[in-house]
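Asks: Compute the structure for the input listed below.
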Amino acid sequence: MAHPSQMGLQDAASPVMEELLHFHDHALMIVALISMFVLYIMLLLVTTKLTDKYILDSQEVEIVWTVLPAIILIVLALPSLRILYLMDEINDPHLTIKAMGHQWYWSYEYTDYEDLGFDSYMIPTQDLAPGQFRLLETDHRMVVPMESPIRVLVSAEDVLHSWAVPSLGIKMDAVPGRLNQTAFIASRPGVFYGQCSEICGANHSFMPIVVEAVPLEHFENWSSLMLEDA
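Replies: Numbers count the residues shown, from 1 in each chain. Okay, the predicted model is just below:
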């Protein structure tokens, strides 16, 4: 989750989010270089005779300010397209989970199991246990095995929602009557928080998402207990 006074993105918990962090730093460096170059040119215009018409109207300068932006766009576009392809690729998932948005909670169905499904509601502030986070904790977490490809089918029952977990690099719209899909691999154990990222009504800010990544044997024990309770 985010920390107070945090300036950057959340720590990556999936390979896709690691790629997004690298691309963010890559793009930020290019933007910083462009800004410094433009500032340098502006200072030259103020302090020197760079306004000479023979310099500003030269063919060489026109070639530079036409070709240079094109090169910068290519440098940004190629890694961006690569990440978009990685985010869209779903290869042989080990587990498929259907996440359904409601006003104002999420329901999860583990489609590889016959009767494994539950609703996930936000825990009210007065019921929080010590150490739990306000507006982020739920009564039932979406538990997944770590280091396993997970496919998430996302839809909505009533209005537009958005299933988003920043640490996993996921943000997928939940559209009524449409089934969208995304995938992730939790690269480390932990509890990862998200929230609905589409304004969906009065209680939009009270339908958090909690994904808990655990080792495979712990996940099997959890699924067995959930099936017994069902």
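Asks: pLDDT at the residue lying closest to I83 once chain neighbours are set aside, what is it?
Replies: Excluding its sequence neighbours, the residue lying closest to I83 (CB to CB, 6 or more residues apart in numbering) is E19, at 5.1 Å. (C-beta placed from N, C-alpha, C; glycine too.) We have a pLDDT of 93 for E19.
Asks: what does E89 give?
Replies: So E89 comes in at 81 (pLDDT).
Asks: What is the burial count for it?
Replies: Neighbours of E89 under the rule other CB atoms under 10 Å: 9.
Asks: Contacts only, for it.
Replies: A183 (CB atoms under 8 Å, 6 or more residues apart in numbering).
Asks: mind redoing it with 10 Å?
Replies: Under the criterion of CB atoms under 10 Å, 6 or more residues apart in numbering, the neighbours of E89 are V16, A183.
Asks: Next up, phi/psi of the residue nearest to the spatial centre of the chain, please.
Replies: When the chain is reduced to its mean C-alpha position, the nearest residue by CA atoms, centre = their mean turns out to be G169, at 3.0 Å. Dihedral pair for G169: phi 70, psi 40, per degrees, to the nearest 10.
Asks: What is the burial count for the closest residue to P93 other than its chain neighbours?
Replies: The shortest distance from P93 to any non-neighbouring residue, by CB to CB, 6+ apart, is to R151 (3.7 Å). Neighbour count for R151, taken as other CB under 10 Å: 18.
Asks: isn't the residue nearest to I83 right next to R82, touching?
Replies: Yes - the pair E19 / R82 is scored as a contact, 7.9 Å apart, by CB atoms under 10 Å.
Asks: Could you check which of those two has the larger neighbour count?
Replies: E19 (17 against 12).
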